[in-house]
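Undergrad: Would you be able to build a 3D model of this:
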Amino acid sequence: MWVAIIALLLWPAAGWGAADSARVQASGSVASHVNVRERPTVNSAVIAVMRPGKTAPLVSESAEWYAIELSDGSVGYVSRYYTEKVFVTAPRQPRKPVYATQLPTTPAAPAAQPERSTTAARGAESFQRSGGLAIAAGERSDRSMLGQASRLMAGAQPKAAFQYLSGFESQWAGDSGFDYLYGIAALDSGNAGDAVFALERVTQALPGFVGARMELARALFATGDRDRARREFATLLEKNPPAAVRGAIEGYIDAIDTKPEPPRPGNREFYASALAGYDSNANGAADITDFLGFSLDPRSLEQSSSFFEAQLGARVHKPLGPTLALEYQAGLSHRHNPEADFVDSSLASATAGLVATTGAGDFIVGGAAYWSGLDGGFNERSTALDLGFRGELAGDKALNVSFRAGPVSFASAQRIRDVSRFMYTLSLHQPLGDSHLSWTLLSGRDRAEDQASAYSNSRLGGRVAAVWRWGNDDLSADIGYLRIPYNGNTTFFGTDRKDKQLIAGLSLLRDNRPIRGWTFVPRLRFISNESNVAIFDYDRVELAFELRKVAR
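TA: Predicted structure coming up:
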């Protein structure tokens, strides 16, 4: 059945001629190759490579990955940041611009046509006389916007074509040439509801236009109106289409008549990591021995240490229906510092969210929680509400927006630090040749629960990160800045505390080295917390080596 459906997608909208086939190739800036991975994640195993100049059939796509068909029939994933989608046209009977195609059949006799207005009838006659362009009342002559939209469609930009044509809908709705192109752009960009309205106008004016009826049937199927879609497909079968197209239509009808399969189990990912490294300031202490005339406790002095860390976790994406899914993840970690074991730390965290997919993007509502321990005892915990949105922008950019709010509670000896926390983030991700850049803005505030607490604060900052392809490896770098002025009802030792934090990192991700199936990640991180209260002023350098295993 799926072979038939794929054949249908290659059937031109206005007749039984040749078709465009979507394929994927390496971007022009790729010099060596693009890794083909087993799953759509940079942590997945590399199962093949794509060389410049080679193409592979496109199976599906997401915000950051293309799924492609490999030579053995299996499916692999390539990053959209290093590849591009192209359309290969069959050599026979080159396709005309979609808005200027000839009618494939003669319209039905007037007696068999549904009743319609004189204007619509004149539009149908004009459509036939002009070789497929239906001029609505007023005989509009400037049709340059149809040419612009057709060029966008030919360049595999249906979303841009749909947005462009939307600005003309109020003036041009009812013109069959406009409605046909607008309907196809709407359908191919994921706006099937808009496609139905536009294509219904075409089929009412031109009931014999099989191309428009085919696209209408597909649009109805996409909206879930299976009964009407079946009737339209059945009407198309009466047009005696070629065998391949007939099989495709019958495949759609079979899909409609067959009881829908239960939702697929989704994607599951489990990971384990082992880290070893060196921390120049394991307890995050200032480089001083006394403060305000008092000698500091040895545990409050800067202490370097080697460290060992273990991590376990899981990520799950579980579809609940065509437009709903559940995403959740959980993690456990523990770090041991042999030379500073009083800051040995443990962390357990979990998030869960309900994802609603629309034409605009994904809307997410959920929650998050974590618990941390220090030196074998409880240290800090939090539960929070999460709200978010992620969507695609022009030029393969991706936008993420999130909000988190909830209480943060500390051990009884530090209850003065309990706060209600509110965090806002906005991230923009952009492919740039062989690199992937992202910019993040962060703001938020902590509101102390105790009126006598000095820990109320606001924060504002940002982060820039980049990933470069370096041979067969991924080189990552990031730098962030955060400003935190404290504004509680009391001060820190008589001073209005103000912190400025700089964080920079560098890492190299190496797949299948030194052990096949594992990822080796050496990384370096620098943290500088500048504060006008000396006891909170510190620098910290961390060098770590991680071995990571991902299973599904």
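
Undergrad: Helix or strand: which one has the most centrally placed residue in the chain?
TA: Closest to where the C-alpha atoms of the chain average out (CA atoms, centre = their mean) is residue 63, at 3.7 Å. For residue 63, there is no host helix or strand (DSSP states H and E).

Undergrad: ok, it to residue 523 distance?
TA: Going from residue 63 to residue 523 by CB to CB, to the nearest Å gives 26 Å. Every residue, glycine included, has its C-beta placed from N, CA and C.

Undergrad: How about residues contacting whatever helix or strand residue 390 lives in?
TA: Under the criterion of DSSP H and E, residue 390 resides in strand 377-392. The contact list for strand 377-392, computed with CB atoms under 8 Å, 6 or more residues apart in numbering, reads 63, 159, 345, 351, 353, 360-374, 398-411, 421.

Undergrad: quick revisit: could you check how far the residue nearest to the centre of the chain is from residue 326?
TA: Taken as CB to CB, the span from residue 63 to residue 326 is 18 Å.

Undergrad: Also residue 191?
TA: Residue 191 is 25 Å from residue 326, by CB to CB.

Undergrad: So these two - more neighbours on which side?
TA: Set side by side, residue 191 and residue 326 show more neighbours around residue 191, with 24 against 15, by other CB atoms under 10 Å.

Undergrad: Test for you: state the pLDDT assigned to the more buried one.
TA: On pLDDT, residue 191 comes in at 85.

Undergrad: Mind checking which of the contacts of strand 377-392 land in strands?
TA: 345, 351, 353, 362-374, 398-410, 421 (DSSP state E).

Undergrad: which of these count as buried?
TA: By neighbour count, with 16 or more other CB atoms under 10 Å, the ones in strands among the contacts of strand 377-392 hold 345, 351, 353, 362-364, 366, 368, 370, 372-373, 398, 400-402, 404, 406, 408-410, 421 as buried.

Undergrad: Count the neighbours of residue 196 for me.
TA: Residue 196, neighbours per other CB under 10 Å, totals 23.

Undergrad: That one and residue 216: what is the separation?
TA: With the distance defined as CB to CB, residue 196 ends up 7 Å from residue 216.

Undergrad: which neighbours do those two share?
TA: Shared contacts of residue 196 and residue 216, defined by CB under 8 Å, 6+ apart, are found at residue 183.

Undergrad: quick one: average pLDDT of the helix or strand encompassing residue 182?
TA: When elements are assigned from DSSP H and E, residue 182 belongs to helix 176-188. Averaging pLDDT along helix 176-188 gives 88.

Undergrad: helix or strand right after it?
TA: Counting by DSSP H and E, the next helix or strand C-terminal to helix 176-188 is helix 192-205.

Undergrad: buried ones in the helix or strand following that following helix?
TA: Downstream of helix 192-205, the first helix or strand assigned by DSSP H and E is helix 210-223. Within helix 210-223, the residues scored as buried using 16+ other CB under 10 Å are 210-222.

Undergrad: still on that earlier bit, output the contacting helices and strands for the helix holding residue 182.
TA: With contacts taken as 3 or more CB pairs under 8 Å, 6 or more residues apart in numbering; DSSP states H and E, helix 176-188 sits against helix 118-129, helix 144-154, helix 158-166, helix 169-172, helix 192-205, helix 210-223.

Undergrad: Which residues does the third one contact?
TA: What it means is helix 158-166. 145, 148-150, 152-153, 178, 181-182, 184-186, 188-191, 194, 392, 394.

Undergrad: give me the beta-bridge partners of residue 50?
TA: Assessed by DSSP bridges, residue 50 has beta-bridge partners residue 34.

Undergrad: ditto for residue 510
TA: Beta-bridge pairing of residue 510 under DSSP bridges involves residue 520.

Undergrad: so it sits right up against residue 520, yeah?
TA: Yes. With contacts counted by CB atoms under 8 Å, residue 510 reaches residue 520, the gap being 4.6 Å.

Undergrad: mind listing what residue 506 touches?
TA: For residue 506, the contact set (CB under 8 Å, 6+ apart) comprises 475-477, 523-525.

Undergrad: switch the cut-off to 6 Å
TA: Going by CB atoms under 6 Å, 6 or more residues apart in numbering, residue 506 touches 477, 524.

Undergrad: so the closest residue to residue 301 other than its chain neighbours, which of the three states?
TA: Spatial nearest neighbour of residue 301, chain neighbours left out: residue 285 (5.8 Å); criterion: CB to CB, 6 or more residues apart in numbering. Here residue 285 is recorded as coil under DSSP: H, G, I helix; E, B strand; the rest coil.

Undergrad: number of nearby residues for residue 518?
TA: Residues near residue 518, counting by other CB under 10 Å: 19.

Undergrad: For the closest residue to residue 370 other than its chain neighbours, pull up the helix or strand it's in.
TA: The shortest distance from residue 370 to any non-neighbouring residue, by CB to CB, 6+ apart, is to residue 349 (4.0 Å). Of the helices and strands defined by DSSP H and E, residue 349 is found in strand 345-357.

Undergrad: Residues in contact with that strand: which ones?
TA: 323-325, 327-335, 362-366, 368-374.

Undergrad: from the chain's centre, how far out does it sit?
TA: Centre-to-centre, strand 345-357 and its host chain are 17 Å apart (CA atoms, centre = their mean, to the nearest Å).

Undergrad: Enumerate the positions of that strand that are buried.
TA: Across strand 345-357, burial judged by 16+ other CB under 10 Å covers 345-347, 349-351, 353, 355, 357.

Undergrad: pLDDT check: weakest of those residues?
TA: Confidence-wise, residue 357 trails the rest of the buried residues of strand 345-357, at 86.

Undergrad: List the beta-bridge partners for that residue.
TA: residue 362.

Undergrad: Which residues does residue 448 form beta bridges with?
TA: Note on residue 448: beta-bridge partners by DSSP bridges are residue 419.

Undergrad: How about residue 478?
TA: Those that pair with residue 478 in a beta bridge, by DSSP bridges, are residue 465, residue 505.

Undergrad: That one: neighbouring residues, count only.
TA: Neighbour tally, residue 478, other CB under 10 Å: 17.

Undergrad: confidence score at it?
TA: For residue 478, pLDDT reads 96.

Undergrad: ok, which stretches of the stretch 451-552 of the chain are helices?
TA: Ranges of helices within the stretch 451-552 of the chain: none, based on DSSP state H, counting those that start in this stretch.

Undergrad: ok so, going back, ok, which of the helices and strands packed on helix 176-188 comes nearest residue 487?
TA: Nearest to residue 487 among those is helix 158-166 (43.9 Å), distances taken as CB to CB.

Undergrad: angle of the closest one against strand 377-392?
TA: When axes from the mean of the first three to the mean of the last three CA atoms, to 10 degrees is applied, the directions of helix 158-166 and strand 377-392 differ by 60 degrees.

Undergrad: and the nearest residue to residue 496 once chain neighbours are set aside, bridged to which residues?
TA: Closest residue in space to residue 496, ignoring its immediate chain neighbours: residue 486 at 6.9 Å, by CB to CB, 6+ apart. Taking DSSP bridges, one finds residue 457 as the beta-bridge partners of residue 486.

Undergrad: how far away is residue 486 from residue 223?
TA: The value you get for residue 486 to residue 223, if CB to CB is used, is 54 Å.

Undergrad: With residue 495 instead?
TA: Applying CB to CB to residue 495 and residue 223 gives a distance of 63 Å.

Undergrad: Also residue 74?
TA: Taken as CB to CB, the span from residue 74 to residue 223 is 32 Å.

Undergrad: mind checking which helix or strand residue 303 is in?
TA: Using DSSP H and E, residue 303 sits within no helix or strand.

Undergrad: Just confirm it contacts residue 283, I think it does.
TA: Yes. With contact defined as CB atoms under 6 Å, residue 303 counts as touching residue 283 (5.2 Å).

Undergrad: shared neighbours of those two, anything?
TA: Jointly contacting residue 303 and residue 283 under the rule CB under 6 Å, 6+ apart are residue 340.

Undergrad: residue boundaries of the strands in the stretch 201-350 of the chain?
TA: Using DSSP state E, counting those that start in this stretch, the strands of the stretch 201-350 of the chain run over residues 267-279, 290-291, 294-295, 305-319, 324-336, 345-357.
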